[in-house]
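Trainee: Need a 3D model of the sequence below.
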Amino acid sequence: MTSDTSPILLWFRRDLRLADHPALSAACKAGRPVVPVFILDPETEALGAAPAWRLGLGLDRLAASLKEAGSHLICRRGPAKDVLDALIKETGAGAVYWTRAYDPASVTRDTAVKTDLKDAAIDARSFGGHLLFEPWTVETKTGDYYKVFTPMWKSVRGRDVETPLSAPGKIPAPDAWPDSEDRTEWQLGARMNRGADVVAENVRPGEAAARDTLDQFIDDKIGAYGTKRDMVAEDATSGLSQYLTLGEISPHTAWHAGHAAMEQGAQGAETFLKELVWREFAYHLMHHTPRMLTDNWRAEWDGFPWKEDRDHPRVIAWQQGRTGVPLVDAGLREMYVTGRMHNRARMIVASYLTKHLLVHWKIGMNWFDDCLVDWDPASNAMGWQWVAGSGPDASPYFRIFNPETQAEKFDPKGAYVARWIAEGQKDPGPEALSYFDAVPRKWGLSPGDPYPDPKVTLREGREAALAAYEGHKE
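Mentor: Residues are numbered from 1 along each chain as shown. Prediction:
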């Protein structure tokens, strides 16, 4: 038996905040010492280059916030079970609390950890906080899971969403702290190479920045969100994706801010709430059909003749943002400079790869896994499968985004393309030039290079995609 004064290990993962943190609040309420822990385990080490780098920035901010609250972030590397077992022996901890994760690798890890801890008479508790609703609590009238977004939205839009919890003023500290590894030795940003310095100019990590971003959105942008969010040259989106994926802000906090704005008459507020539930839909599907991350969600797409050669010249041109299709290339270049990409551009970029170039969606998904600072396992997989046509509630395969007409509609003045593509401009701006500082030197690219001709014309690509689709159906 453990005493009521034994420490609680608080295992941080994708919940790098102090406010509205149910596991942290429960630990502090217990009146026992709390030892915050972050573990660089094999599951976390599997992150791509940009997500791992961004995680490192988030950990730095979390450590600073914990210090202000009279606490300390203990960092260890190794399998989670081994690290927790060692810390329990070192601290005499009688409990481990954490926020639930939902991707298959984390579920497998957490299930095994919880079983082992309970077998050792350690109080092991997992809490919500990463989602508005636990996936298993949302179901159709027949008890099934939702496969289409709109019915799910209608079923949850009137639900009560838990009121966000306040951050603790002070976190109870143990009499002595266990040793912590030096996070700089982990080199979480090493694979970003020279791109890290460029992207760093466009990233504001941490809980305080997340809250500022939400407040600015509610104050200045939410009214026009419904009409302007697809305009790629406009700063009209919430900008919350990187904070939600690392848990630097909770979805509950975003929901209540958006809901309050809706009650005050903000025209775009309901659209914003729908986007939060779209994220929930991705996690709902990942929970019920984890194959979404690795296989066609619709089995009838197995055998579709997508190209799977990662070294194909067309794939390389797409990765480099040198397809010869300006709006596609601009989206990819935005990603290399900022670590993010406008959502409308993501759809166009993904459609071009999977339909005009007939390249497998997994190649694009894996590339985004490596390049996005706001990478999210559920949203990225569902987004790619939605565009490709192989996923749930998918865009029909015959609906092929035409980058030229999309540009006319969502970048009518060409400002987005001019902002990100330097070639052919007499005096390109600093953001367009930053692309050449961010990408690998081995690509051998220069702003003085001629802009490439299209690898495939839009008409040829569309016709080939439709022919492949018809052939597959037959």
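Trainee: what about the strands in the chain?
Mentor: Ranges of strands within the chain are 8-12, 34-40, 74-77, 95-99, 123-127, based on DSSP state E.
Trainee: the inter-axis angle of the last one versus strand 8-12?
Mentor: It refers to strand 123-127. If you take axes from the mean of the first three to the mean of the last three C-alpha atoms, to 10 degrees, strand 123-127 sits at 40 degrees to strand 8-12.
Trainee: Please state the mean pLDDT value computed over strand 123-127.
Mentor: Mean pLDDT, strand 123-127: 98.
Trainee: and if you look at stretch 6-15?
Mentor: 98.
Trainee: And the nearest residue to Pro403 once chain neighbours are set aside, how far from Trp361?
Mentor: Nearest non-adjacent residue to Pro403, counting by C-beta to C-beta, 6 or more residues apart in numbering: Leu327, 4.4 Å away. Heads up, the C-betas are built off the backbone N, CA and C, glycines and all. Using C-beta to C-beta, to the nearest Å, Leu327 is found at 19 Å from Trp361.
Trainee: Between these two, point out the one with more neighbours.
Mentor: Per other C-beta atoms under 10 Å, whichever of Leu327 and Trp361 has more neighbours is Leu327, with 28 against 24.
Trainee: can you pull the pLDDT of the more buried one?
Mentor: Predicted confidence (pLDDT) for Leu327: 98.
Trainee: thinking it is in contact with Glu408, fair?
Mentor: No. Counting by C-beta atoms under 8 Å, Glu408 is not a contact partner of Leu327; they are 9.8 Å apart.
Trainee: Give me the residue ranges of the chain where confidence is low.
Mentor: Counting by pLDDT under 70, the chain contains low-confidence ranges at 1-3.
Trainee: Domain ranges for it, per the record?
Mentor: The record's domain split for the chain, according to automatic domain parsing, is 1-129, 131-160+205-288, 299-473.
Trainee: Tell me how far the first one lies from the chain's centre.
Mentor: Here the centre of mass of C-alpha atoms in domain 1-129, compared against the chain's by C-alpha atoms, centre = their mean, to the nearest Å, lies 20 Å away.
Trainee: Show me the helices in the stretch 101-250 of the chain, by range?
Mentor: Under the criterion DSSP state H, counting those that start in this stretch, the stretch 101-250 of the chain contains helices at 104-119, 149-156, 195-200, 207-220, 225-228, 241-245.
Trainee: Using PDB, list the CA coordinates for the fourth one.
Mentor: Extracted as PDB, the C-alpha positions of helix 207-220 are listed here (Å, rounded to 0.1, in the frame of the first residue of the first chain):
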ATOM      1  CA  GLU A 207       0.700  28.200 -23.900                       C
ATOM      2  CA  ALA A 208       0.800  32.000 -23.600                       C
ATOM      3  CA  ALA A 209       1.200  32.400 -27.400                       C
ATOM      4  CA  ALA A 210      -1.600  30.000 -27.900                       C
ATOM      5  CA  ARG A 211      -3.900  32.000 -25.700                       C
ATOM      6  CA  ASP A 212      -2.900  35.300 -27.400                       C
ATOM      7  CA  THR A 213      -3.600  33.700 -30.800                       C
ATOM      8  CA  LEU A 214      -7.100  32.600 -29.800                       C
ATOM      9  CA  ASP A 215      -7.800  36.000 -28.300                       C
ATOM     10  CA  GLN A 216      -6.700  37.800 -31.400                       C
ATOM     11  CA  PHE A 217      -8.800  35.500 -33.600                       C
ATOM     12  CA  ILE A 218     -11.900  36.100 -31.500                       C
ATOM     13  CA  ASP A 219     -11.400  39.800 -31.300                       C
ATOM     14  CA  ASP A 220     -10.400  40.500 -34.900                       C
END
